[in-house]
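> Kindly generate the corresponding structure for this input.
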Amino acid sequence: MLKEFKEFALKGNVLDLAIGVVIGGAFGKIVTSLVNDIITPLIGLLLGKVDFTNLFITLSGGDFPTLAEAKKGGAATLNYGLFLNSVIDFLIIAFSIFIVIKQLNRFKRKQEVVQAPVTTKECPHCITSIPIKATRCPHCTSMLDGNKAALAHE
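Numbers count the residues shown, from 1 in each chain. Got it, this is the predicted structure:
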């Protein structure tokens, strides 16, 4: 059983997935920092010095200037500013993944275009695949390349 688990854990797909999760987590932290520390403050400044983290509605009454004070006071809050940060987070991550996938597909298409040269052709008489340099079909013995009417078996 231990041997089977070792084989499973060391397969390429499992290792690739593990690496992807670790890199994705690190990438998520970078994007969250980008949103919380750079983009959101800039948007808040453009909208009149609004701090998104302090955009909330108190559901249990009371007047609290910041979300931290509302939570400290035990008030139930609807935190739509934090939700906006999460939406911006998601959009940036989704756009980044879109760009990466688009580039990978572009590289893949370039590789598909650069294929091995054509080495066979089709006999017009028997529709068999034959070498491109053949002058006579080995299957039906038809002459190719201009002398198609001459047949060896006639």
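> Show me the protein divided up by domain.
2-115, 117-154 (automatic domain parsing).
> looking at the ones you listed, which has the lowest confidence?
Ranked by mean pLDDT, the domains of the chain end with domain 117-154 at the bottom, a mean of 76.
> Flag every buried residue along that one.
123, 130, 136-137, 142, 144 (16 or more other Cβ atoms under 10 Å). Bear in mind the C-beta positions are built from the backbone N, C-alpha and C, glycine included.
> what do you get for stretch 74-88?
Quick answer for stretch 74-88 (16+ other Cβ under 10 Å): 75, 77, 79, 81-82, 84-85, 88.
> Dump these into TSV; add distance to residue 7 as well.
Output for those, formatted as TSV (distance: Cβ to Cβ, whole Å):
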residue	distance to residue 7
75	54
77	51
79	47
81	49
82	44
84	47
85	43
88	43
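> I'd like to know which of those are part of helices.
Judged by DSSP state H, these include 81-82, 84-85, 88 as members of helices.
> Pipe those residues into TSV and attach distance to residue 69 per row.
Shown next, in TSV, are these (distance: Cβ to Cβ, whole Å):
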residue	distance to residue 69
81	14
82	15
84	20
85	19
88	24
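> next one: phi and psi at the spatially most central residue of the chain?
Nearest to the centroid of the C-alpha atoms of the chain, with distances taken as Cα atoms, centre = their mean, sits residue 101, at 3.5 Å. Backbone torsions of residue 101, given as degrees, to the nearest 10, read phi -60, psi -40.
> Same check on residue 139?
phi -90, psi -50.
> again, but for the one 4 residues further on
Residue 143 adopts backbone torsions of phi -80, psi 140, taken as degrees, to the nearest 10.
> For stretch 39-59, buried residues please.
So, applying 16+ other Cβ under 10 Å, buried residues of stretch 39-59: 39-41, 44, 52-56.
> Turn the residues you listed into TSV, columns for distance to residue 105.
TSV is the format used below for the buried residues of stretch 39-59 (distance: Cβ to Cβ, whole Å):
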residue	distance to residue 105
39	27
40	32
41	35
44	36
52	35
53	37
54	42
55	38
56	42
